[in-house]
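> what shape does this take:
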Amino acid sequence: MTSETTSAPAFRYVAVTFDCADPAELSRFYGEMFGLPVAYSSDDFVLLGGKDGAAGLAFNRLADYRRPTWPDPAQEKQAHIEVGVDDLDSAEEHLLKLGAAKAGSQPQPDRWRVLLDPAGHPFCITTLT
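This next block holds a predicted model:
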């Protein structure tokens, strides 16, 4: 009798993909924020980072993309990431210059700030300390 041993396939996290109307615009914003290079680009899809096993971010054109309306549930957020920063005020100022917008709702602005990327996805910046 032979016994077969099977091993599970190897998995690794590569990227999270954001739907959007303009992948080039949104990838520019996140690429500048995180210092990630473009690993692949087409008219409808851009992958940042993701080389040498590093995780990245991707952006996919969706023809009928609708911006999230958070905190209004009319059009729910499709993604939300947390970004650690050393200084909330300077990080917020920098990201606003890159094209982010400050969300009207700020549940705990002394601990974290809610910003919106150019496609309307909310994300938070929070102090690391």
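
> next up, the contacts around the spatially most central residue of the chain.
Geometric centre of the chain, nearest residue: residue 81, 5.8 Å, by Cα atoms, centre = their mean. By Cβ atoms under 8 Å, 6 or more residues apart in numbering, the contact set of residue 81 is 16, 123-124. C-beta coordinates here come from the backbone N, C-alpha and C atoms, glycine included.

> could you rerun that using 6 Å?
residue 123 (Cβ atoms under 6 Å, 6 or more residues apart in numbering).

> against residue 8, how distant is it?
As judged by Cβ to Cβ, to the nearest Å, residue 81 and residue 8 stand 28 Å apart.

> alpha carbons of the helix or strand where residue 29 lies, as PDB, please.
Here residue 29 is covered by helix 23-34, with elements defined by DSSP states H and E. Extracted in PDB, the C-alpha atoms of helix 23-34 (Å, rounded to 0.1, in the frame of the first residue of the first chain):
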ATOM      1  CA  PRO A  23      -6.400  53.700 -12.800                       C
ATOM      2  CA  ALA A  24      -3.600  56.000 -13.900                       C
ATOM      3  CA  GLU A  25      -4.800  58.800 -11.700                       C
ATOM      4  CA  LEU A  26      -5.400  56.700  -8.600                       C
ATOM      5  CA  SER A  27      -2.100  54.700  -9.000                       C
ATOM      6  CA  ARG A  28      -0.300  58.100  -9.200                       C
ATOM      7  CA  PHE A  29      -1.800  59.100  -5.900                       C
ATOM      8  CA  TYR A  30      -1.000  55.900  -4.000                       C
ATOM      9  CA  GLY A  31       2.400  55.500  -5.800                       C
ATOM     10  CA  GLU A  32       3.400  59.000  -4.500                       C
ATOM     11  CA  MET A  33       2.000  58.300  -1.000                       C
ATOM     12  CA  PHE A  34       3.900  55.000  -0.500                       C
END
